[in-house]
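Participant: A predicted structure for the sequence below; I have some questions about it.
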Amino acid sequence: MPLENAITETAISKAIVESYYRKLADRIESDVIIAGAGPSGLVAASCLAGAGKRVTIIEKRLSPGGGIWGGAMGMNQVVVQKEALPILEAACIRFVPQDGLYVADAAELACGLCIQALRAGAVLLNLVTLEDLCVRDNRVTGIVANRTTIAGALPVDPLVLSAGAVIDATGHDAAAVQHLRKRGLLDAALAPGEGPMYAAAGESFVVERVAEVYPGLWVTGMSVCTTFGGPRMGPIFGGMLLSGKRVAEMILAR
Ligand SMILES: Cc1cc2nc3c(=O)[nH]c(=O)nc-3n(C[C@H](O)[C@H](O)[C@H](O)COP(=O)(O)OP(=O)(O)OC[C@H]3O[C@@H](n4cnc5c(N)ncnc54)[C@H](O)[C@@H]3O)c2cc1C
């Protein structure tokens, strides 16, 4: 049978629409929602989904990977320290040693972390922006989400996705944290923004200060620095990966 006979435009559209809305309907409730598909969010997703949790990642951009892609100044190489190598190895990401550090290809890291999270069972909804949080009885119970192309641009209501825990992995924005802060639900001293560059201190900070900042809302990755005023660390990614692992371990322990 000629290939084109099996193809109709209506069949293509139907396949996309029906499968997408099945996926979305299935994710109206999750164990954990992760806002942001950067390095910390993707590692957290793999760990949590690998432990059997229903994990949904929402990402406001088209592509997952966050700040990984650009390396530094657009040079798409990624530097990590040895403590993070088990995470690279688990995701089959290659690296080479250099001057006591290790270098990986940025595209391989972004793709590798993403495929690992998806194969562990996490579901990614891209072009979806966290617009707000749901809070009930002093606990975050889910997120308010909208299409990125709609959020803030058109007077269109969002949808709510519910979860037992929400992780703010939105990087410098700390978007979820900021929503609570502006409503006075967090200590006013929180979220002062990140401090000046100090790579070694920032790398430790981003792992050690992973926390549940409000019942049901956790921070990981660069959001930790924004939330607690930690130093920025520039283009080294081991701390981000380990921060994602730590938040997953803390949620699982809970
Ligand atoms: C523009 C830029 C500036 C950087 N500056 C610094 C710096 O000053 N200091 C430093 O130490 N490192 C910096 N980095 C380096 C490094 O990329 C980050 O430290 C690292 O990527 C942070 O990892 P993360 O997982 O915390 O978040 P990111 O890699 O930033 O990923 C966050 C993800 O969340 C998504 N997102 C954001 N808001 C929302 C929302 N409301 N809803 C849904 N998704 C959302 C973003 O699109 C992104 O994909 C920068 C990177 C970039 C891209």
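Facilitator: Received the coordinates, thanks.

Participant: tell me which other helices or strands the longest helix seen in the chain touches.
Facilitator: The longest helix of the chain (DSSP state H) is helix 9-26. Contact here means 3 or more C-beta pairs under 8 Å, 6 or more residues apart in numbering; DSSP states H and E; on that basis helix 9-26 packs against strand 123-126. No exception for glycine: its C-beta is placed from N, CA and C like everyone else's.

Participant: do that again at 6 Å, thanks
Facilitator: Counting contacts by 3 or more C-beta pairs under 6 Å, 6 or more residues apart in numbering; DSSP states H and E, helix 9-26 is packed against no other helix or strand.

Participant: how about the residues of the stretch 51-200 of the chain by the ligand?
Facilitator: 58-61, 66-67, 70, 129-130, 169-171, 173, 175 (C-beta under 6 Å from any ligand atom).

Participant: rounded mean pLDDT for the longest helix of the chain, please.
Facilitator: Helix 9-26 carries an average pLDDT of 96.

Participant: so which elements touch the helix or strand following that helix?
Facilitator: Where DSSP states H and E defines the elements, the next helix or strand beyond helix 9-26 is strand 29-35. With contacts defined as 3+ C-beta pairs under 6 Å, 6+ apart, the packing partners of strand 29-35 are helix 39-50, strand 55-59, strand 159-168.

Participant: strands of the stretch 51-200 of the chain, start to end?
Facilitator: With DSSP state E, counting those that start in this stretch as the criterion, the stretch 51-200 of the chain has strands at 55-59, 77-80, 96-98, 101-105, 123-126, 128-136, 139-147, 159-168.

Participant: single out the most deeply packed of these.
Facilitator: strand 55-59 (a mean of 28; mean count of other C-beta atoms under 10 Å).

Participant: what does that one contact?
Facilitator: 27, 30, 32-35, 37, 45, 48-49, 122-126, 128, 145 (C-beta atoms under 6 Å, 6 or more residues apart in numbering).

Participant: let's go with 8 Å and repeat that
Facilitator: With contact meaning C-beta atoms under 8 Å, 6 or more residues apart in numbering, strand 55-59 is reached by 27, 30-37, 41-42, 45, 48-49, 64, 117, 120-130, 143, 145, 161, 163.

Participant: cool, stretch 242-254 as well?
Facilitator: With C-beta under 8 Å, 6+ apart, stretch 242-254 has contacts from 32, 39-48, 51, 53, 83-84, 87, 165, 167, 169, 206-207, 210, 212, 218-221, 224.

Participant: in PyMOL, how would I select the buried members of the residues you listed?
Facilitator: In PyMOL, a selection of the buried entries from these looks like this (16 or more other C-beta atoms under 10 Å):
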select buried, resi 32+39+40+41+42+43+44+45+46+47+48+53+84+87+165+167+169+206+207+210+212+218+219+220+221+224
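
Participant: how many other residues sit next to the spatially closest residue to residue 233 that is not a sequence neighbour?
Facilitator: In this structure, residue 233 finds its nearest non-sequential neighbour in residue 202, 3.1 Å apart by C-beta to C-beta, 6 or more residues apart in numbering. Using other C-beta atoms under 10 Å, residue 202 has 23 neighbouring residues.
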